[in-house]
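Student: Provide a 3D model corresponding to the input given below.
(2 chains)
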There are 2 protein chains.
Amino acid sequence: MNSNYSQISTAFQNISGPSKKTRNTSADVAQLAGVSLATVSRAFDPASKMRPQTREKVLNAAKQLKYTPDAIAKSLTSHSTNIIAIIMQDVINPFYSKILKDFSLHLQKYGKQLLYFYLDSPENLHNLIYQVLQYRVEGIIISSVTLTERVIEDFIDYGVPVVLFNRYVNIPQVQAVCCDNIQAGRECADYLFSKGYRTFAFIGGSDEALTSFDRKNGFLSRLMERGIHNIVIADSDFTYDSGYHAFEQLFQNNSAYPQAVFCASDIICAGVMDCIRFKYKLRIPEDIALVGFDDIQLATYIPYQITTFEQPTNLMIQKACDLILNPPPVPQIPNLTLFPCKLKIRTSS
Amino acid sequence: MNSNYSQISTAFQNISGPSKKTRNTSADVAQLAGVSLATVSRAFDPASKMRPQTREKVLNAAKQLKYTPDAIAKSLTSHSTNIIAIIMQDVINPFYSKILKDFSLHLQKYGKQLLYFYLDSPENLHNLIYQVLQYRVEGIIISSVTLTERVIEDFIDYGVPVVLFNRYVNIPQVQAVCCDNIQAGRECADYLFSKGYRTFAFIGGSDEALTSFDRKNGFLSRLMERGIHNIVIADSDFTYDSGYHAFEQLFQNNSAYPQAVFCASDIICAGVMDCIRFKYKLRIPEDIALVGFDDIQLATYIPYQITTFEQPTNLMIQKACDLILNPPPVPQIPNLTLFPCKLKIRTSS
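Tutor: Numbering: from 1, shown residues only, chains lettered A, B, ... in the order given. Take a look at the predicted model:
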């Protein structure tokens, strides 16, 4: 304890320890608040509409009696734990930390909570899903994870709805919600072509990340339709540093640099941009134009001002939650719901 | 369904729906794998050490029988759900999204999972903790949340360990883990003073955020000890834009600009920096030196290169987890564990 903080918790030294946990019942609360049992139950369900005064009366009585409903015990009879699992890998990417926040906020409205599983490496997904299933979760959301169909297939028979977010697999029982990455790639090609650029590069994550793979394929296929074939491709691991080094490699290995570069994320794009202007002293967009993806906050910072694609994350999350909360009774084809992205033009192109 | 994705899930149209969930028991798994019941149980506990071949044999048998342990049912007898709640507000700040990831990774090693609660506004913390308690969580971690002692006091009697991360309260039952923000503020004052700067500003979050409050107080008190009193203070809401505008206000309201500015976070610092150089065309550090806090990735990006304080987050998270998993049997004084920060000097100062 540093003396700077000495005012903290010295006045309470004689206080007694936490009292033993005793559980009053909802009947005790109903009696004290003078309401019905059903009202007590509804007061604790954030999705239930009721008069704020009534809710407050019930919550005050509950507080006095140290009562909370027991979601865990209830789950054994109702088969509903109100827990949804979310598995994520790349939560440091601000795009995905926003996704996590928005999923949580949206599901909390329905009285559902997120059990958060961080995946340290794709090989561990299989074991992790076993951990997930032990919690009788009502659904599993998987996002920003490199996955194979084999891993998912193992869990289909457990009957727990699985929804993929910005990933998809060829299994009809597994619904997926994505932004239309292929179409965005095509739109990027059209946009850069219309600006007069004729030589191009794509700097992505690895092909294992479907988002990057689809953005690349849309971009390349549309450029090829326009007669452009020699597109330089480089990989990164979705970080600033790897974007920087990917462009460095690309620059050193090619006789001429491209007029325009499409990056699979804004963070990659920031690294590429800084390599272009600080290492090679080239101008953006005059020498090289750049387009990113995700429209994270960084894309709006003055030194960057990245032209990028905004994903309609609110609509996507709402759809994913609908699919988790009301899963289709039989496997549905198509099992992929796509949302269009929006090109936001800034000064990098 | 966009035609670009037409290859997805058309080959499976005749597949049958998910089969009904049936639960085999661990005895069935033990028999099939030819191991003891205890071995089955340990195979599902990631913290249990055992031969990889044995674990694989058990997991394969379990997979064949579609068996997973039922953590929820088990919790009713063992009174241990293996669920730790984490309540966060500012998860978009990359500092806190890393904290979330690291907590999850650390607790998963002990077979504990994080139930994630996003707090949309401080007024809702009270209701949110009621939601948390319903899940019989074994502990509650509260971080990046503005809180009052009154809110926490309500929950002490439930006997669930509460650990605050980068927050603290004057309640001995509630342990807290923080970096030593006051000391870091003092060190920042000494560092900038030693570089020859004599006029200063502090741009923080609001005083309700204890981290910002302590950084400011350390900074101010040390400067005052050195005879410097007219320190300009401005508030932001911890975002880039609010940092930008805070400096704009500060510049317009004062006859001279300060030689050095200490910002309560790197993101605020980025906004301040861009206002200084792009709006007012001043040089960093020649005209104004800057120091941030947190050492997020952005602080290393070439256009920023922010001198900042690194928090020893690994040690802090380890300590917080220890306190949650092995809470002190009686309230402990002091209830605050402080970790020193490390000044990382870059080109902004």
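Student: I'd like the average pLDDT over stretch A:154-167.
Tutor: For stretch A:154-167, mean pLDDT is 86.
Student: For it, measure first residue to last.
Tutor: Start and end residues of stretch A:154-167 are separated by 17 Å (C-alpha to C-alpha, to the nearest Å).
Student: Around the spatially closest residue to A:Ser26 that is not a sequence neighbour, how many other residues sit close by?
Tutor: Nearest residue to A:Ser26 in three dimensions, chain neighbours excluded: A:Val40, at 4.7 Å (C-beta to C-beta, 6 or more residues apart in numbering or on different chains). Every C-beta, even on glycine, is put in place using the N, C-alpha and C of the backbone. Burial of A:Val40 is recorded as 24 neighbouring residues (other C-beta atoms under 10 Å in any protein chain shown).
Student: just checking, A:Val40 touches A:Gln31?
Tutor: No. Between A:Val40 and A:Gln31 there is no contact under C-beta atoms under 8 Å: 9.7 Å.
Student: that older thread, now the strand or helix carrying the residue nearest to A:Ser26: buried residues?
Tutor: In the assignment (DSSP states H and E), A:Val40 maps to helix A:37-43. Within helix A:37-43, the residues that count as buried by 16 or more other C-beta atoms under 10 Å in any protein chain shown are A:Thr39, A:Val40, A:Ser41, A:Arg42, A:Ala43.
Student: B:Leu164 versus A:Lys63, what's the distance?
Tutor: The gap separating A:Lys63 from B:Leu164 is 21 Å, by C-beta to C-beta, to the nearest Å.
Student: A:Leu338 now?
Tutor: In terms of C-beta to C-beta, A:Leu338 sits 43 Å off from B:Leu164.
Student: which of the two has more neighbours?
Tutor: Higher neighbour count among A:Leu338 and B:Leu164: B:Leu164, with 26 against 20, using other C-beta under 10 Å.
Student: Next, the closest residue in space to that one that isn't next to it in sequence: secondary structure please.
Tutor: Closest residue in space to B:Leu164, ignoring its immediate chain neighbours: B:Ala176 at 4.1 Å, by C-beta to C-beta, 6+ apart. Here B:Ala176 is recorded as strand under DSSP: H, G, I helix; E, B strand; the rest coil.
Student: dump the residue contacts of B:Ala176.
Tutor: Shown in contact with B:Ala176 (C-beta atoms under 8 Å, 6 or more residues apart in numbering or on different chains): B:Val163, B:Leu164, B:Phe165, B:Arg167, B:Tyr168, B:Val169, B:Asn335, B:Leu336, B:Thr337.
Student: List phi and psi for A:Glu310.
Tutor: Main-chain dihedrals, A:Glu310, degrees, to the nearest 10: phi -90, psi 130.
Student: what's the neighbour count on it?
Tutor: Look at A:Glu310: counted by other C-beta under 10 Å, it has 16 neighbours.
Student: For it, report the pLDDT, please.
Tutor: 98.
Student: my read: it touches A:Asp295, true?
Tutor: Yes. Between A:Glu310 and A:Asp295 there is a contact under C-beta under 8 Å: 3.9 Å.
Student: Can you pull the residues that touch both of the two?
Tutor: The contact sets of A:Glu310 and A:Asp295 overlap at A:Lys344 (C-beta under 8 Å, 6+ apart).
Student: which residue ranges form the helices in the stretch 151-300 of chain A?
Tutor: A:181-194, A:210-225, A:240-253, A:266-274 (DSSP state H, counting those that start in this stretch).
Student: Need the ones you listed in JSON lines (columns: mean neighbour count and distance to chain B).
Tutor: Compiled in JSON lines, those are given as follows (neighbours: other C-beta atoms under 10 Å in any protein chain shown; distance: least, C-beta to the nearest C-beta, whole Å):
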{"stretch": "helix A:181-194", "mean neighbour count": "22", "distance to chain B": "4"}
{"stretch": "helix A:210-225", "mean neighbour count": "21", "distance to chain B": "7"}
{"stretch": "helix A:240-253", "mean neighbour count": "19", "distance to chain B": "6"}
{"stretch": "helix A:266-274", "mean neighbour count": "29", "distance to chain B": "4"}
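Student: could I get those helices as a markdown table with distance to B:Asp274?
Tutor: Formatted as a markdown table, those follow (distance: least, C-beta to C-beta, whole Å):
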| stretch | distance to B:Asp274 |
| --- | --- |
| helix A:181-194 | 27 |
| helix A:210-225 | 29 |
| helix A:240-253 | 17 |
| helix A:266-274 | 14 |
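Student: follow-up on the earlier one: distance of the residue nearest to B:Leu164 relative to B:Ile317?
Tutor: B:Ala176 is 13 Å from B:Ile317, by C-beta to C-beta.
Student: Which neighbours do the two have in common?
Tutor: Contacts common to B:Ala176 and B:Ile317, judged by C-beta under 8 Å, 6+ apart, are B:Phe165.
Student: A:Ala73: how many residues sit nearby?
Tutor: Applying other C-beta under 10 Å, we find 15 residues neighbouring A:Ala73.
Student: sorry, that was for A:Glu123
Tutor: 10.
Student: Look up how far A:Tyr130 lies from it.
Tutor: With C-beta to C-beta as the criterion, A:Glu123 and A:Tyr130 are 14 Å apart.
Student: Could you list the low-confidence segments of the stretch 1-150 of chain A?
Tutor: The stretch 1-150 of chain A contains residues with pLDDT under 70 at A:1-23, A:46-47, A:72, A:75-79, A:91-92.
Student: Which residue ranges of it form helices?
Tutor: For the stretch 1-150 of chain A, the helices defined by DSSP H, counting those that start in this stretch cover A:26-33, A:37-43, A:52-64, A:71-78, A:94-108, A:125-133, A:149-156.
Student: Quick one: list the elements packing against the longest one.
Tutor: Helix A:94-108 sits against strand A:83-88, strand A:113-118, strand A:139-143, helix A:313-325, helix B:94-108, strand B:113-118, with contacts defined as 3 or more C-beta pairs under 8 Å, 6 or more residues apart in numbering or on different chains; DSSP states H and E.
Student: Would you reformat those as JSON lines and include distance to B:Tyr197 and mean neighbour count?
Tutor: Shown next, in JSON lines, are the helices and strands packed on helix A:94-108 (distance: least, C-beta to C-beta, whole Å; neighbours: other C-beta atoms under 10 Å in any protein chain shown):
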{"stretch": "strand A:83-88", "distance to B:Tyr197": "43", "mean neighbour count": "24"}
{"stretch": "strand A:113-118", "distance to B:Tyr197": "42", "mean neighbour count": "24"}
{"stretch": "strand A:139-143", "distance to B:Tyr197": "46", "mean neighbour count": "24"}
{"stretch": "helix A:313-325", "distance to B:Tyr197": "43", "mean neighbour count": "19"}
{"stretch": "helix B:94-108", "distance to B:Tyr197": "26", "mean neighbour count": "21"}
{"stretch": "strand B:113-118", "distance to B:Tyr197": "40", "mean neighbour count": "24"}
